[in-house]
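In: everything below, folded, please.
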Amino acid sequence: MNTTLVCVVCDRDLWNFELLVRSIHKFLQPCRLIFIYNEDAERYPHFRKWYKDTCEPLLHKFDVKLYHKELFFNDYDLKDMEHRLHTEPIYNQQMLKLFVADVVVTENYTVFDCKNFFVEPCRINDIKQTYPEDISYADHYLKAWCMVCCAKLDVRFRGVQHLKLSTNITPFIMKKKSVQKLIKHFKGKKELHKWMLSWCGDDSNMAEFYLYEIFCIAKGIQDPGEVPGNTLTIWEHCFKDPRTLKGLDFYVKSLQHAAECMGYKYYVAGLHTHTRKMLNPDDVKDFLSYFNMDDCWPERGCPFKKIL
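Out: Below you'll find the model as predicted:
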């Protein structure tokens, strides 16, 4: 295996993380796994105990490394970032997905979010990168971020229809050496972190995958991709699709059929955090049952509570 699965974990997503772990146990062939706990250090012992009791028995066939986030910020203090968002998990997790390259020992690593889970038997190498496509679908915050990245990395920005990037979602495959070159380009982790946060605020956003891929474009090493899509993730906007009126299973079945016609297969699905207010636990159970995953239901309390 030349790929490691990497996932950054925070407390609000432990139910989803447990579902991911149970799906790994059920469907994924043994490989290297790296999990990073993205909360304060005083909470880490509680997480480790929960992980040891709940997750570790399911992963005894895997080569698992469990880290706390502070390992990856070891050459500077997060408090020195002098930015009001420096401690926000949503921003730290983007940095961690880059900084983890320091401990990855395989050529590539495949980034998962806690929302993702496996739905078919597979090897980690069966997860393929998506084809780059123009970013006309992106909101204006992400388009602005891409313009900033292009300017910083000397890539000519000729409009969103001409900048082709892989979709900014997980699973996302990153090359260890390319990530390390990106960090070196910014003269280290601290400077990269400071630069990214400097563009982040109430009216802006950042996306580590876009930064990484624009850097690869600048260096002529962009991954051409192998598939049009690699996840059956349910997002908030999916509920505007007429197919979901017939059920989530009907919606994903239509996506699976389209993929089969085009010669590829989905091994991963997901439930985005924003869908928690749109689904009841029974809805989620029905969704998992479609994939024959009744035995993967987490022990933790389910966070899904539909708001009528």
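In: could you pull out the strands for the stretch 51-200 of the chain?
Out: Ranges of strands in the stretch 51-200 of the chain, per DSSP state E, counting those that start in this stretch, are 63-68, 108-112, 116-118, 133-134, 164-165, 172-175.
In: so Trp297 is in contact with Phe287, correct?
Out: No: with contacts defined as CB atoms under 8 Å, Trp297 does not count as touching Phe287, sitting 11.2 Å away. For the C-beta atoms, the positions are set from N, CA and C on the backbone; glycine is no exception.
In: which one of these two has more residues nearby?
Out: Between Trp297 and Phe287, counted using other CB atoms under 10 Å, the more crowded position is Phe287 (21 against 17).
In: I figured that one was touching Tyr251, is that so?
Out: No: in this structure Phe287 lies outside contact range of Tyr251 using CB under 8 Å: 9.6 Å.
In: overlap in contacts of the two?
Out: Listed contacts common to Phe287 and Tyr251 are Ile234; contacts here mean CB atoms under 8 Å, 6 or more residues apart in numbering.
In: tell me where the model's unsure across this protein.
Out: Residues of the chain meeting the criterion pLDDT under 70: 1, 76-88, 201-204, 245, 308.
In: how about 80 then?
Out: Residues of the chain that meet the criterion pLDDT under 80 lie in 1, 74-90, 200-205, 243-246, 308.
In: can you pull out the helices in this protein?
Out: Secondary structure of the chain by DSSP state H: the helices cover 14-27, 44-54, 89-99, 140-152, 176-185, 189-198, 208-219, 248-261, 281-290.
In: elements contacting the last one?
Out: Judged by 3 or more CB pairs under 8 Å, 6 or more residues apart in numbering; DSSP states H and E, helix 281-290 is in contact with helix 248-261.
In: could you check the angle the helix it packs on makes with helix 281-290?
Out: Comparing the axes of helix 248-261 and helix 281-290 via axes from the mean of the first three to the mean of the last three CA atoms, to 10 degrees yields an angle of 30 degrees.
In: grab the CA positions of helix 248-261 and hand them over as CSV.
Out: Coordinates of the C-alpha atoms in helix 248-261 are reproduced here as CSV (Å, rounded to 0.1, in the frame of the first residue of the first chain):
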residue,chain,number,x,y,z
LEU,A,248,-31.9,9.1,0.3
ASP,A,249,-31.5,5.5,-0.9
PHE,A,250,-33.1,6.5,-4.2
TYR,A,251,-30.8,9.5,-4.5
VAL,A,252,-27.6,7.5,-4.0
LYS,A,253,-28.8,4.6,-6.1
SER,A,254,-29.1,7.0,-9.0
LEU,A,255,-25.6,8.2,-8.4
GLN,A,256,-24.3,4.7,-8.2
HIS,A,257,-26.1,3.7,-11.5
ALA,A,258,-24.5,6.7,-13.3
ALA,A,259,-21.1,5.8,-12.0
GLU,A,260,-21.5,2.2,-13.1
CYS,A,261,-22.4,3.4,-16.6
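In: now do it: everything it contacts.
Out: Outside helix 248-261, the residues that reach it (CB under 8 Å, 6+ apart) are 228-229, 232, 234, 238, 241, 243-244, 265-266, 269, 283, 286-287, 290.
In: try it again with 10 Å
Out: Under the contact criterion CB atoms under 10 Å, 6 or more residues apart in numbering, helix 248-261 has outside partners 119-120, 227-234, 238-239, 241-247, 264-266, 269, 271, 275, 279, 283-284, 286-287, 289-291.
In: okay, buried residues for it please.
Out: Of all the residues in helix 248-261, those buried under the rule 16 or more other CB atoms under 10 Å are Leu248, Tyr251, Val252, Gln256, Ala259.
In: one more: stretch 177-197?
Out: When burial is assessed from 16+ other CB under 10 Å, stretch 177-197 yields the following buried residues: Ser178, Val179, Leu182, Ile183, Phe186, Lys189, Lys190, Leu192, His193, Lys194, Met196, Leu197.
In: so Thr275 sits right up against Ala269, yeah?
Out: No: counting by CB atoms under 10 Å, Thr275 sits too far from Ala269 to count as a contact (11.9 Å).
In: between the two, which contacts overlap?
Out: With the criterion set as CB under 10 Å, 6+ apart, the overlap between the contacts of Thr275 and Ala269 is Lys115, Thr233, Ile234, Leu248, Phe287.
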